[in-house]
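S.K.: sharing a model that was predicted from the sequence below.
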Amino acid sequence: MSDHKENRVGHNLIKPNFIPTPHKWSNHEVTVAWLGHASFLINFFGTRILIDPALNSHIGITPVGNLTIGPSRYVASALKCDEIGPIDLLLVSHAHTDHFDYPTLRKLQSSKTVAITAKNTLPLWNGMKFQVIEEMHWQDSKSFAGVTIKAIEGKHWGARIPWKKGMEANSLLLSKNGINLFFGADTGYTDLIKHQLSGLPIDLAIMGIGAYSPKSFEAKHATPEQAWKMAEEVSAKWIIPMHWGTFKLSQEPMEEPIARFRQAASEQHEKIAIQEIGVTWVLPR
């Protein structure tokens, strides 16, 4: 990362410049921390939410136990599993290995945590112990721990195994106390999202901006400019770019997505809430 001091930790990873302190967060605010890639820890007015946690040194397949074969991280997760603290809601948008990480999920098992997963992915959770594991299909809306969750259809395929065509990929709308947070997850550019969120005030949009090269990847991952456009189309007050700078999943240079996103923001640069792994941001009152 461009402003990152090369402070190496285990597995030759770069240590983030910022480390969240969730035990200090207020239950009367909306606090968001980017842990890296698509992983976010949120305190939503007292409801503790973890999204798409992939916190280990590698992602990929896990043929034996917690051994993972696949891409390694460039920057370490801002928090380890044992530093996350208690979680009310665990949200997994889809089954791709950079979002659905078995070793991380196993470490996070808790009888006090509700897990939300995409349609036709429930079998992937076999053997894991949570309070409840709920599938959500596009347009489903359910309330857990005081938060209303709605599954939003984007433009992405969600199969962990290519021939499992029925596995869906969700974007997610989270609502509580009149505040709406939109987690775009993985999606190519589509106007489906603005139609589904029409009329809703979106206080924060978290949008993926990486893994768009070669051009064929744009069908499932928006470019930085397209991600900005989708956030603008839903009139998001604040925007957090994600899905960049953590894993090398495509051909564009590691720093290119954020540079292009800043350029797309142009004179509205102040709307970008987080631009570096580990940063904690509080929604202005």
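M.R.: In hand now; what should we look at?
S.K.: and the pLDDT at R8?
M.R.: The model reports R8 with a pLDDT of 51.
S.K.: host element of I116?
M.R.: strand 110-118 (DSSP states H and E).
S.K.: quick one: strands adjacent to that strand?
M.R.: strand 89-91 (parallel), strand 130-136 (parallel) (DSSP bridges).
S.K.: redo the ones you listed as a markdown table? Include mean pLDDT, mean neighbour count and distance to N180.
M.R.: In this view, the C-beta of every residue, glycine as well, is placed from N, C-alpha and C. As requested, these are exported to a markdown table (pLDDT from 0 to 100; neighbours: other CB atoms under 10 Å; distance: least, CB to CB, whole Å):
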| stretch | mean pLDDT | mean neighbour count | distance to N180 |
| --- | --- | --- | --- |
| strand 89-91 | 98 | 24 | 15 |
| strand 130-136 | 98 | 16 | 17 |
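S.K.: hang on, the earlier thing: residues of the strand holding I116 that come out buried?
M.R.: Buried residues in strand 110-118, counted by 16 or more other CB atoms under 10 Å: T113, V114, A115, I116, T117, A118.
S.K.: also stretch 173-186?
M.R.: Within stretch 173-186, the residues scored as buried using 16+ other CB under 10 Å are L173, L174, S175, K176, I179, N180, L181, F182, F183, G184, A185, D186.
S.K.: swap in stretch 213-221?
M.R.: S213, F217, E218, K220, H221.
S.K.: low pLDDT regions in this protein?
M.R.: For the chain, residues meeting the criterion pLDDT under 70 lie at 1-11, 61-70, 161-164.
S.K.: hmm, 80 instead?
M.R.: Counting by pLDDT under 80, the chain shows low-confidence ranges at 1-12, 57-72, 157-165, 250.
S.K.: tell me the centre residue of it?
M.R.: Nearest to the mean C-alpha position of the chain, counting by CA atoms, centre = their mean, stands A38 at 3.1 Å.
S.K.: what's near enough to touch the nearest residue to that residue once chain neighbours are set aside?
M.R.: Closest residue to A38 in three dimensions, ignoring its sequence neighbours and counting by CB to CB, 6 or more residues apart in numbering: D52, at 4.2 Å. By CB atoms under 8 Å, 6 or more residues apart in numbering, D52 lies in contact with H37, A38, S39, F40, L91, V92, S93, H99, F100, A185.
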